[in-house]
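Student: Provide a 3D model corresponding to the input given below.
(one chain, ligands or ions: 1)
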Amino acid sequence: MRFSGKVALVTGSAMGIGREIAYRLASEGASTVLFDLSDKVFETAEEIRKLGVKVLAFKGDVTNKQDVEKAVSETLKNFGKIDILVNNAGIYPFKPFLEMTEEEWDKVMNVNVKGTFYFTKAVAPIMVKNNYGRIINISSIAAIVGFPALTHYCASKAAIVGFTRALALELARFNITVNAVAPGPIETPGTKAIITPQALEATVKAIPVGRMGLPSDIAAVVAFLASDEASFITGALIVADGGYTAQ
Ligand SMILES: NC(=O)c1ccc[n+]([C@@H]2O[C@H](COP(=O)([O-])OP(=O)(O)OC[C@H]3O[C@@H](n4cnc5c(N)ncnc54)[C@H](O)[C@@H]3O)[C@@H](O)[C@H]2O)c1
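Tutor: Below is the predicted model of the structure:
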């Protein structure tokens, strides 16, 4: 129960990696706040509530400042603080660069980067006041190696790494750590919707451990970074990719 007495807010937590992170933090005692575009966020909240922890769920868009500020102020009203922020909401629509419109570029940068900015901007002052915080940003191995048809996504996930490092320096003196996680290919509703059986086979072949990652592989890393055992780790990018980028 590493997180009893702690309050954790996870974005993009209706399904996939974010849902698993929220579930993991809650299963170790955190009061948990879910925020997602999808109505499914309320179902996920019901499931997590069964663990016996307090749960709040908000339907909202990370690119909408009002949605973000409302969720953060309601959380403060209910729980009085936010100890752990996980910026997980993200999109990865494949589009070759030569066909990409400015709107498509902006959409990915807005959700993946601006959304992280909005949430961090709203939550960091609360953490500073409490002299405690754990901010964990979900980047990707796309910040390290290129993927065709994902120029916007690769740029956005590299931006998250730069943001993480610089913010870690600014917030270290307030007992706040800021880290990023770079998942390799993970089985989620998002990836299942776009991957063909052939692409899945090729992807698994490219992963040295010989399997796709699971959301729980990432939730375990996030839980460690959110714990007090990780208090000397800040500004880091932790890769969890089954060896994909080690080759
Ligand atoms: N799945 C992978 O292989 C993989 C690999 C590396 C990094 N990641 C990153 O992990 C994160 C989660 O990915 P996933 O595969 O679980 O995705 P997913 O599509 O399965 O789930 C993403 C969740 O985020 C929500 N969401 C999307 N846009 C939103 C917005 N504007 N505001 C609020 N919520 C929003 C969706 O409704 C959904 O519930 C993303 O940041 C992604 O880039 C995923």
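Student: CA only for contacts and neighbour counts going forward, please
Tutor: Will do.
Student: which parts of the longest helix that the chain contains are buried?
Tutor: Longest helix in the chain, counting residues (DSSP state H): helix 151-171. Within helix 151-171, the residues that qualify as buried are 151-161, 163-165, 167-168, 171, counting by 16 or more other C-alpha atoms under 10 Å.
Student: what bridges to the closest residue to Ala124 other than its chain neighbours?
Tutor: Computed as C-alpha to C-alpha, 6 or more residues apart in numbering, the closest residue to Ala124 that is not its neighbour in sequence is Gly133, at 8.0 Å. The residues listed as beta-bridge partners of Gly133 by DSSP bridges are Ile176.
Student: what are the ranges of the strands in this structure?
Tutor: Secondary structure of the chain, counting by DSSP state E: strands at 7-11, 31-36, 55-59, 84-87, 133-138, 176-183, 237-240.
Student: In JSON lines: those, plus distance to Glu69 and mean neighbour count.
Tutor: Written out in JSON lines, the entries for the strands of the chain read as follows (distance: least, C-alpha to C-alpha, whole Å; neighbours: other C-alpha atoms under 10 Å):
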{"stretch": "strand 7-11", "distance to Glu69": "13", "mean neighbour count": "27"}
{"stretch": "strand 31-36", "distance to Glu69": "12", "mean neighbour count": "26"}
{"stretch": "strand 55-59", "distance to Glu69": "11", "mean neighbour count": "23"}
{"stretch": "strand 84-87", "distance to Glu69": "14", "mean neighbour count": "27"}
{"stretch": "strand 133-138", "distance to Glu69": "17", "mean neighbour count": "26"}
{"stretch": "strand 176-183", "distance to Glu69": "20", "mean neighbour count": "26"}
{"stretch": "strand 237-240", "distance to Glu69": "27", "mean neighbour count": "21"}
